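Asks: Next comes the sequence, and after it the predicted model I'd like to discuss.
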Amino acid sequence: MTQLLSVKVRQDGIPNPPCLGFTVASEPYKISEYKGWVNRVDLEHYDYHLPGELIAQHPLSNRDSARLMIVDRNRGSITHQRISDLPDFLRAEDAVVVNNTQVVAARLVGYRAQTGGKWEGLFVSTDEQGHWSVLSKTRGKLREGEVVQLVAPDGREAVRLLCVEKQREGGWRMQPDNMAPWTEILQECGHVPIPPYIRGGKMQPDDRQQYQTVYARCPGAIAAPTAGLHFTPELLAGISGMGVRVCEVTLHVGIGTFRPVKVSRLEDHTMHGEQGELNSDVAGELQGTRGCGGRIVAVGTTVVRVLETAASEGAITPWRGETDLFIRPPYEFKAVDALLTNFHLPKSTLLVLVREFGGDELIQQAYIEAIRHQYRFFSYGDAMLII
């Protein structure tokens, strides 16, 4: 009997740890079983069943030893390699684009100073006045003027947060009693926001290094751009040594990662905006890549969203700001020629993007093959390269 993944969602929109349901799958689904789903604008079209044991709970000891599925759109073929084989599928004139955002220790744990009641939160952003925007979870109702005492991972009492103003969807504007930069405060008292399907969202010490790309340098994300977790300095050096450009953009993965899609039709879903940047030097390099016949290879869906936002008028131009781009059918890609990506949650906006880029039927088949061949899924899992 195979147990299948079922993810429950709390009232505040933050997913609870995954529960294993009782649906039985006697064999992997065949593509013919999906052909009845002809309406690609309905969320149900992006559902699939996943054996719970295929959800990776830890990364591999060697990042580049993860499996790599090669999905060739021209040939309609699916083959199996390793991340270390990635250079074999690149050309000297290509450009590989990575997201250099750095995950911050955004998960907060503490208690309400007045009542002693347990409290947990998720740091979302900060403003020019030093106020924090925090998703809050506690029994009962917080009130303006209350104080939350944060507790560091080592058990020490750390910063206190004053509840300034209630916001939408379980959020609060809070004022820390420490004037240190927010990055330093989170480094001291925050927990790495591991996704709930990994060990129930409980951080382990190694996650501080493992849930971070080797090229992360711009703090601001509350979730990792997971396709980039596969890269090592040696792999990057090998790619650059081929003559391939390695370019950096930034997109700070935000709260939208933790919000489920609650509507039945994709057009009714509102994406949360995320801050990012593509500077003029990178825009020039990517235009040069296009000019010499090279391909732009996006490492992860976050890079896709940055590039497609920057190329909204056709050419890739410098861009900085907030994007709420939701790539869904029908969509014409303007900037991305190939995509390296992990395997994504059912009914997620990321899965919608990947299916639109790779071809709906071919990516459905790729997921069936991944389950059949026991690939590891989600953040710490294996990857596919769509060419």
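Replies: Received the coordinates, thanks. Numbering: from 1, shown residues only.
Asks: which residues sit against stretch 113-123?
Replies: By Cβ atoms under 8 Å, 6 or more residues apart in numbering, the list of residues contacting stretch 113-123 from outside reads 14, 104, 106-112, 132-140, 146-149, 160, 172, 182, 186, 190, 193, 222, 255, 258. Every C-beta, even on glycine, is put in place using the N, C-alpha and C of the backbone.
Asks: Pull up the distance across it, start to finish.
Replies: End-to-end distance for stretch 113-123, by Cα to Cα, to the nearest Å: 19 Å.
Asks: Flag every buried residue along that stretch.
Replies: Residues of stretch 113-123 classed as buried under the neighbour-count rule (16 or more other Cβ atoms under 10 Å) are 119, 120, 121, 122, 123.
Asks: next one: stretch 269-282
Replies: Quick answer for stretch 269-282 (16+ other Cβ under 10 Å): 269, 271, 274, 275, 276, 277, 278, 282.
Asks: Report the separation between the fifth one and residue 187.
Replies: What it means is residue 276. Residue 276 is 22 Å from residue 187, where distance means Cβ to Cβ, to the nearest Å.
Asks: again, but for residue 133
Replies: Taking Cβ to Cβ, one finds residue 133 at 18 Å from residue 187.
Asks: So for these two, which residue has more residues nearby?
Replies: residue 133 (17 against 14; other Cβ atoms under 10 Å).
Asks: tell me the secondary structure for that one?
Replies: Assigned with DSSP: H, G, I helix; E, B strand; the rest coil, residue 133 falls in the strand class.
Asks: for it, what are its contacts?
Replies: Shown in contact with residue 133 (Cβ under 8 Å, 6+ apart): 123, 124, 125, 126, 127, 167, 171, 172, 173, 174.
Asks: Out of those residues, grab the one that's most surrounded.
Replies: residue 174 (25 neighbours).
Asks: Wait, a strand at that one?
Replies: Yes - counting by three-state DSSP, one finds residue 174 located in a strand.
Asks: so it sits right up against residue 160, yeah?
Replies: No - look at residue 174 against residue 160 with Cβ atoms under 8 Å: they stay out of range, at 9.6 Å.
Asks: overlap in contacts of those two?
Replies: Counting by Cβ under 8 Å, 6+ apart, the residues touching both residue 174 and residue 160 are residue 148.
Asks: Return the subset of the buried residues of stretch 113-123 lying in helices.
Replies: Judged by DSSP state H, helices contain none of the buried residues of stretch 113-123.
Asks: wait, which of those residues is closest to residue 208?
Replies: residue 123 (15.5 Å; Cβ to Cβ).
Asks: if I look at that closest one, how far off is residue 377?
Replies: 27 Å.
Asks: what does residue 143 give?
Replies: According to Cβ to Cβ, residue 143 and residue 377 sit 41 Å apart.
Asks: Compare the two (neighbour count), which wins?
Replies: residue 377 (23 against 10).
Asks: Residue ranges in the stretch 51-200 of the chain under the pLDDT threshold?
Replies: Within the stretch 51-200 of the chain, not a single segment meets pLDDT under 70.
Asks: Going along the chain, name the helices of it.
Replies: 182-189 (DSSP state H, counting those that start in this stretch).
Asks: Residue 45 in helix, strand or coil?
Replies: helix.
Asks: so it makes contact with residue 39?
Replies: Yes - the pair residue 45 / residue 39 is scored as a contact, 6.2 Å apart, by Cβ under 8 Å.
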